[in-house]
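Engineer: Take a look and give me a structure for this.
(one chain, ligands or ions: 2)
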Amino acid sequence: FPYNGEAPGVSGLKLSKDMKTLTAQDRLIKTELTDNKDHFVRNHGGVPDIDADKWTLDVDGLVNEPKRLTLAQLQDETLFPRQSNIVTLQCSGTRRIEQIHEYPGDGDELINAPWGEGAISTARWTGVSLKKVIKHCGGLRAGADNLEFHGADTYFKKGGVHNYLVSVPWRKVRANEVLLAWEMNGKPLPRIHGFPVRVVVFGYIGARSVKWLYKVRAIARPSTAPVQMKEYLYYTGQIGKQNAQYSNGFSIQDMPVSSAIISPTNMDQIVHDGKMTVRGWAYSGGGHWPVRVEVSGDGGAVWYEVPYQNLTTKYFHAWRLWSIDLPVDAEGWLELCVRTWDNAMNTQPTYVRSAWNWDLHVTSSAHRVKVYSIN
Ligand code: MTE
Ligand code: MO
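Structural biologist: Ligands and ions are numbered 1, 2, ... in the order given. Here you go, the predicted model:
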């Protein structure tokens, strides 16, 4: 995938020389590649402290030649070609706060991860394609169709202590869309993002990108671990905590098309001369990418298309940042909103309640922000 050095920022964003005076929102959409220190963090349990020299990766289960690999072996380019990809990670809980305001589900997630629009970031990840590692281990045995990733952290959930482990289907690995990464934007993976090696699964919910990886196991069926079977399930709006059964939810993998307004923010007062600058991100998972972003200044009655030159570079697995000078005549309270179309002609649900689900995952409806306009 193309990457030509410095990534362009969003036109229109006024950058202060002193980064410290930028708000977290400004920093999120400053450049296509998020600074490592600004990359969102989501941990279910502790943050293991791993010695890279002693670290090993076990590849076992239904592979023909199970192996234990050291970091030096993984990084040996005579064994494995190195791969770099610009990939956006998005937590399935991004913008969950909007669903909470609609109806808070079981209340659990209110404590765990009441995310706004910031649980999404983009980096250039470097490592090896898991496909090559499986090949190095003699390929899969008959019947193997999923790869299970084991993280070295533990966490407490529903009365038990669990290891963080999930699985992805082999077809995703076969497409070279699963990376075992040790570098993030040219620097060693920070401890909090999975040092020394993490999984990066392109276009899937962040939950599948296991940090502090120590084992990859080839298995027949998807993992039976609680993170895979009981979490990250998508239910219909008729199902709530009282009548939910895990078998009624489907396992979330690809992220849908989504977008958010990052500037201005809710309740801002904007003084302007008939044009209001609006900025944000747009992203689509599953190997799709945003092709059109539309912004409305009146709650979605009239939409204006973001000029194509105001969208940042297209990468197949990353967000695009955008900005628009939106014509606004009205004074007083307005509802700004954004919706995006991807290259597969998908767009976003209109209202939060259109896709509300009690575990509060994947809020992808048109994002709305109320501002006070002084023209
Ligand atoms: N991997 C381990 N081992 N433990 C975790 O708690 N959280 C997952 C995923 N990988 C998690 C994990 C979730 S839900 C998300 S959204 C991403 O990591 C977040 O990655 P980041 O913290 O590097 O942004
Ligand atoms: Mo997540």
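Engineer: From now on I want contacts and neighbour counts done on CA atoms only, so please keep to that.
Structural biologist: OK.
Engineer: beta partners of the residue nearest to residue 299 when sequence neighbours are not counted?
Structural biologist: Leaving aside its sequence neighbours, residue 299 sits nearest to residue 335 (Cα to Cα, 6 or more residues apart in numbering; 4.8 Å). Beta-bridge partners for residue 335, by DSSP bridges, are residue 370.
Engineer: I'd like the distance from residue 335 to residue 163, if you could.
Structural biologist: Distance of residue 335 to residue 163, given as Cα to Cα, to the nearest Å: 44 Å.
Engineer: How about the contacts made by residue 332?
Structural biologist: Residues in contact with residue 332 (Cα atoms under 8 Å, 6 or more residues apart in numbering) are 372, 373, 374.
Engineer: for ligand 1, what are the nearby residues on the stretch 201-350 of the chain?
Structural biologist: Residues of the stretch 201-350 of the chain found near ligand 1 (Cα under 6 Å from any ligand atom) are 206, 207, 208, 209, 210, 211, 212.
Engineer: per-domain residue ranges of the chain.
Structural biologist: 33-251, 258-374 (automatic domain parsing).
Engineer: Of those domains, give the one that comes closest to ligand 2.
Structural biologist: Ligand 2 lies closest to domain 33-251 among these, at 3.7 Å (Cα to the ion).
Engineer: quick one: that closest one near ligand 2?
Structural biologist: Yes. Residues of domain 33-251 are located near ligand 2 by Cα under 5 Å from the ion, namely 91, 206, 207.
Engineer: What's the end-to-end length of that domain?
Structural biologist: 29 Å.
Engineer: could you list every residue that touches the residue positioned nearest the centre of the chain?
Structural biologist: In the chain, the residue lying closest to the centroid (Cα atoms, centre = their mean) is residue 90, at 1.2 Å. Going by Cα under 8 Å, 6+ apart, residue 90 touches 119, 120, 121, 205, 206, 255.
Engineer: can you check residue 262 too?
Structural biologist: Applying Cα under 8 Å, 6+ apart to residue 262 gives the contacts 25, 26, 29, 117, 278, 279, 280, 281.
Engineer: Helix, strand, or coil at the fourth one?
Structural biologist: It refers to residue 117. Assigned by DSSP: H, G, I helix; E, B strand; the rest coil, the conformation of residue 117 is coil.
Engineer: and the stretch 51-200 of the chain, which residues reach ligand 1?
Structural biologist: 90, 91, 151, 153, 164, 193.
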